[in-house]
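[1] coords please:
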Amino acid sequence: MKIRSLARKDKAGLLSLLIKTKAFTSAEIDVAMELIDIVLNDQDQKDYKIYCAVNDEEGLLGYVCYGHCPMTEGTFDLYWIAADPEFQNQGVGSALMDYLEGEVRRLKGRIILVDTSSISQYEEARRFYLRKGFQEVARVPDYYSPGNDRITFCKRLTKNI
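    This is a model prediction of the structure:
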């Protein structure tokens, strides 16, 4: 497995991957694809970075999308991380997260934040973030819809000063 920058040839495969996970609503997939289009179509944009995990034949295994939070010093948002269901629990997500952390450190980042949902279909994602050293730092009740809270997880890459 290697991790490389998003390429135009990845677009259809990423759409298929997002659908196959069965973890995202059609609206969420639309937003993910919007961000992919922004990265592919605007080389000057600085809001989003996308990297893909691929096998030796360039087959997509997963991807990660993140960006620096405006008006912060070293805070980054993890917007999307997904692995092809055929390769889940085989280290793809961990490799992408490790890559993300390395890139954020290289950019002098201090904090990575990720928001997720409280509904049951996101339980695996929440467990993944906890295993990767994130801590729940905020919960907004009924944020996405009644009974569907927004949970914010945080991982500090540097000690508090």
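[2] how about the strands in the protein?
    2-5, 49-54, 60-68, 75-83, 111-117, 135-145, 148-156 (DSSP state E).
[3] Could you dump those into a markdown table and include mean neighbour count?
    For the C-beta atoms, the positions are set from N, CA and C on the backbone; glycine is no exception. Below are the strands of the chain laid out as a markdown table (neighbours: other C-beta atoms under 10 Å):
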| stretch | mean neighbour count |
| --- | --- |
| strand 2-5 | 14 |
| strand 49-54 | 21 |
| strand 60-68 | 22 |
| strand 75-83 | 21 |
| strand 111-117 | 20 |
| strand 135-145 | 12 |
| strand 148-156 | 17 |
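[4] Tell me which of those strands approaches residue 98 most closely.
    strand 2-5 (9.0 Å; C-beta to C-beta).
[5] May I have the closest one as CSV, with CA atoms only?
    What follows is strand 2-5, C-alpha atoms only, in CSV (Å, rounded to 0.1, in the frame of the first residue of the first chain):
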residue,chain,number,x,y,z
LYS,A,2,1.1,3.5,-0.7
ILE,A,3,-0.4,6.9,-0.1
ARG,A,4,-0.4,9.5,-2.7
SER,A,5,-2.1,12.8,-3.7
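[6] average pLDDT across stretch 91-105?
    Mean pLDDT, computed over stretch 91-105, is 96.
[7] just how off-centre is that stretch within its chain?
    In terms of C-alpha atoms, centre = their mean, to the nearest Å, the centre of stretch 91-105 is set 10 Å apart from its chain centre.
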